[in-house]
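*Asks:* my questions are about this predicted structure, shown below with the sequence.
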Amino acid sequence: MDQDRYNKLQKIQELGVNPYPDKFDQTHSLMEAHTSDQGSTVKVAGRMMMFRDMGKITFSHLQDISGRMQVVFQVDELGKEPFNFLKLLDLGDYIGVEGEIFTTQKGEISILVKKFILLAKALRPMPEKWHGLKDKELAYRHRYLDLISNRETMDRFVFRSNFIKALREFYWNNKFMELETPVLGSSASGALAKPFTTHHNALDHDFFLRIAIETPQKEALVGGFERTFEIGKVFRNEGMDPSHLQEFTMCEHYAAYWNYEDNMNFTEEMFHYLLDKSLGSRVVEIADRDGNMQKVDFGQPWKRVSIRDLIMEDCSIDIYQCATADDLAKAIKEKNIDVADLDKLGRGNMIDQLYKKVSRPKLIQPTFLMQHPVDLSPLARRNDENPDIVDRFQLVVNGWEVVNAYSELVDPIDQAGRFEQQSEAKEAGDEDAHGKDDDFVTAMEHGMPPQSGWGMGIDRIVALLTQQNNLKDVVLFPLMRPEHGAAEGPLLVIGEIIEAEKHEKKDHINICKINLGDFGIKNVVCAAQNARMGLKVVVALPGFEMLSYDGSGKVAYTVEERKTYGTVSEAVMCAPEEIGFKEDDEKKRENILEVDEDVEPGTPYDQVMDKVHSA
């Protein structure tokens, strides 16, 4: 609390003025007032964002959700006592004004104030200019300050609201019904993901937070609903990085008697409607995974291609002619295509990594990627004509998978068998395995109509359409580590590289995902030659002061989240000199530090210094 503002508050109360009245009757928003006729009377309210006292006249800018407008206070209009009351106001205070529209000598449309009232006294000052990482984190923790200070932020969340409104309208226009399904359940169904658990005191039982919005909608179709959708929160207890959140908003719909091809047609119509409504254009600039902006035309006919044909087109490898992982690995090596940890991958994951390497970066315009091999989608419905592929499509836009959809499996015996396989995998230690859902199978046994299901992450599509590279920028109040805990926690921790890929254009640069245990999964860009999947490393988190390479012990820079080679790097993998690491030998140390395999990710560096060594 600011003491000067508090003193003003006390003076206001001593004058018998209520600094926090219960209401104010507006007649116009500020932008509506701005377009009103000259001389018309308006009543508006907003936060004071500029205040300039020029003696007998004072200028101020008010801000509401619609924008800003100048209001003018004159002592001759208000009288001395009300005019002098302005001295007790500060930037950030909410006021209501009644006055007339006029244009100043400088040509600015304004309101000449006849009456005004204090609506809320701000006891803390407004933020200064916002820039850099420190302010970015503050924007996430205190979004209300970000909304006040940055019109772009307000517009982004207004866009999100309008986008979801248009999405609902499109469903309603196409005879879909919105359902509300449970967040808590006895099983975690609908996706392969690690769930959150919580204890229900009244029932004295542990429940899962949902990982998808799928099975209750399918059960509703068993009951007789034909077209359903839901927009809601989903929770997956997995890693957090700029493109993944543990709590996020999904939209899923299910349509009886459709197959996945019907859903492709529906998706194309949907995006035309959404973009027309929310942006007024079907041509949008979207950033790819490296941050490069591309013009994407949603208005032209969308390409439809099988994953087999796409890979053949891009690297001349026919995955149908490679029946085993060894066959495919041999073909990839013959083409000199660099796929990380090739020999460790199964055929399904190998196809996925090959697609991501040779094809995905080229998919700029909206593309339906279809007919995935069953290795890639073991729980999906097999195609009737070719059982080696599944009835599935993904919508890919500028390298991003935006929509995932299927012709759904409705055979209860087949479904029960697949649940059994997943349950065995879970018991064997696979935390992401699906597990059994006997209630769902029971529902299926009563007869489930043929249907197609469809899912889209709301956060992801809004981020793409608003050119944001971090999903937290489109979530109004993203979950953050507690502020005090973050300040007191370690800034040097052990991590494990779980993904390492060469930069598409810079061979000496590695794009890595690092598991930091309780600290989540971080994206890190580095040039170290020894960075590889499975390596345990020392990681510096934002706020850590890195030392210079010359061994002088001087601070070179403070770690912060930054964009490097088109990718956001959220932390730094440490070389010896950067953290003052010493060893007896004098070998040249150009690589990052390595850590013994038995050290758990997330362990503070100072607890395991004896298990850290130079490469």
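*Replies:* Perfect, I can see it now.
*Asks:* from Ile458, how far out is the spatially most central residue of the chain?
*Replies:* Central residue of the chain (CA atoms, centre = their mean): Leu471, 2.0 Å from the mean position. As judged by CB to CB, to the nearest Å, Leu471 and Ile458 stand 10 Å apart. From N, CA and C alone the C-beta is placed, and that goes for glycine too.
*Asks:* next: Tyr260.
*Replies:* 21 Å.
*Asks:* with Ser186 instead?
*Replies:* Taking CB to CB as the measure, Ser186 falls 26 Å from Ile458.
*Asks:* between the two, which has more neighbouring residues?
*Replies:* Ile458 (20 against 13; other CB atoms under 10 Å).
*Asks:* longest helix in this structure, please.
*Replies:* Longest helix in the chain, counting residues (DSSP state H): helix 151-173.
*Asks:* in that helix, what counts as buried?
*Replies:* Residues Thr153, Met154, Arg156, Phe157, Phe159, Arg160, Phe163, Ile164, Ala166, Leu167, Phe170, Tyr171 are the ones in helix 151-173 that count as buried (16 or more other CB atoms under 10 Å).
*Asks:* ok, so of these, who is nearest Met293?
*Replies:* Met293 has its nearest neighbour among the buried residues of helix 151-173 in Arg156, at 16.5 Å by CB to CB.
*Asks:* which intervals of the stretch 501-615 of the chain have sub-threshold pLDDT?
*Replies:* 548-555, 582-590 (pLDDT under 70).
*Asks:* cutoff 50 now
*Replies:* Scanning the stretch 501-615 of the chain with the threshold set as pLDDT under 50 gives 584-589.
*Asks:* where does this protein dip in pLDDT?
*Replies:* Applying pLDDT under 50 to the chain flags residues 130-134, 484-487, 584-589.
*Asks:* distance check, Leu279 against Leu179.
*Replies:* 28 Å.
*Asks:* err, Asp391, not the other one
*Replies:* Per CB to CB, Asp391 is found 24 Å from Leu179.
*Asks:* which one of the two has more residues nearby?
*Replies:* Taking other CB under 10 Å, Asp391 and Leu179 do not tie; Asp391 has more neighbours (23 against 17).
*Asks:* so how far is stretch 369-377 off the chain centroid?
*Replies:* 26 Å (CA atoms, centre = their mean, to the nearest Å).
*Asks:* that one spans what distance, first to last residue?
*Replies:* 13 Å (CA to CA, to the nearest Å).
*Asks:* list of residues touching it?
*Replies:* Outside of stretch 369-377, the residues within contact range by CB atoms under 8 Å, 6 or more residues apart in numbering are 260, 264, 304-308, 310, 319, 346-348, 351-352, 363, 380, 382-383, 386-390, 392-396, 406.
*Asks:* quick check: closest non-adjacent residue to Ala405.
*Replies:* Nearest residue to Ala405, sequence neighbours excluded (CB to CB, 6 or more residues apart in numbering): Trp454, at 4.1 Å.
*Asks:* neighbours around that neighbour, how many?
*Replies:* Neighbour tally, Trp454, other CB under 10 Å: 24.
*Asks:* what bridges to it?
*Replies:* Note on Trp454: beta-bridge partners His253, Ala405, judged by DSSP bridges.
*Asks:* surely it and Asn259 touch.
*Replies:* No: using CB atoms under 8 Å as the test, Trp454 is too far from Asn259 to be in contact (11.6 Å).
*Asks:* tell me how this protein divides into domains.
*Replies:* 3-120, 151-289+400-474, 303-362, 484-613 (automatic domain parsing).
*Asks:* any chance of those in a markdown table with distance to Leu138 as columns?
*Replies:* Converted to a markdown table, the domains of the chain look like this (distance: least, CB to CB, whole Å):
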| stretch | distance to Leu138 |
| --- | --- |
| domain 3-120 | 16 |
| domain 151-289+400-474 | 12 |
| domain 303-362 | 34 |
| domain 484-613 | 12 |
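*Asks:* buried stuff in the helix or strand hosting Asp146?
*Replies:* According to DSSP states H and E, Asp146 maps onto helix 143-149. Buried residues in helix 143-149, defined by neighbour count with 16+ other CB under 10 Å: Arg143, Leu145, Asp146, Leu147, Ile148, Ser149.
*Asks:* max pairwise distance over the residues you listed: which two?
*Replies:* Farthest pair in the buried residues of helix 143-149, by CB to CB: Arg143 and Ser149, 10.7 Å.
*Asks:* now do the strands in the stretch 51-200 of the chain.
*Replies:* All strands of the stretch 51-200 of the chain, identified by DSSP state E, counting those that start in this stretch, fall at 57-64, 67-74, 94-103, 109-120, 177-178, 184-185, 197-200.
*Asks:* the first one pairs with which strands, parallel or anti?
*Replies:* Looking back up the chat, that one is strand 57-64. Strand 57-64 is paired, per DSSP bridges, with strand 41-53 (antiparallel), strand 67-74 (antiparallel).
*Asks:* closest to Asp518 out of those?
*Replies:* Of those, nearest to Asp518 by CB to CB is strand 41-53, at 38.7 Å.
*Asks:* first to last residue in stretch 217-237, what's the distance?
*Replies:* 23 Å.
*Asks:* quick one: buried residues of it?
*Replies:* 217-222, 225-232, 234-237.
*Asks:* looking at those, which are in strands?
*Replies:* Mapping these onto strands (DSSP state E) picks out Arg227, Thr228, Phe229, Glu230, Ile231, Gly232, Val234, Phe235.
*Asks:* how about those in JSON lines, adding distance to Gln26?
*Replies:* Listed next are those as JSON lines, based on distance: CB to CB, whole Å:
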{"residue": "Arg227", "distance to Gln26": "40"}
{"residue": "Thr228", "distance to Gln26": "39"}
{"residue": "Phe229", "distance to Gln26": "35"}
{"residue": "Glu230", "distance to Gln26": "35"}
{"residue": "Ile231", "distance to Gln26": "30"}
{"residue": "Gly232", "distance to Gln26": "33"}
{"residue": "Val234", "distance to Gln26": "38"}
{"residue": "Phe235", "distance to Gln26": "39"}
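*Asks:* what is the nearest of these to Phe208?
*Replies:* Distance to Phe208 across these (CB to CB) is lowest for Phe235, with 8.7 Å.
*Asks:* need the contact list for the closest residue to the closest one other than its chain neighbours.
*Replies:* Residue nearest to Phe235 in three dimensions, not counting chain neighbours: Leu209, with 4.0 Å by CB to CB, 6+ apart. Listed by CB under 8 Å, 6+ apart, the contact partners of Leu209 are Val183, Leu184, Pro195, Phe196, Thr197, Thr198, Phe235.
*Asks:* which of the residues you listed are buried, as a PyMOL select command?
*Replies:* To isolate the buried ones among these in PyMOL, judged by 16+ other CB under 10 Å, type:
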select buried, resi 195+235
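*Asks:* among the contacts of Leu209, which two are most distant?
*Replies:* Largest separation among the contacts of Leu209 by CB to CB: Val183 and Thr197, giving 12.7 Å.
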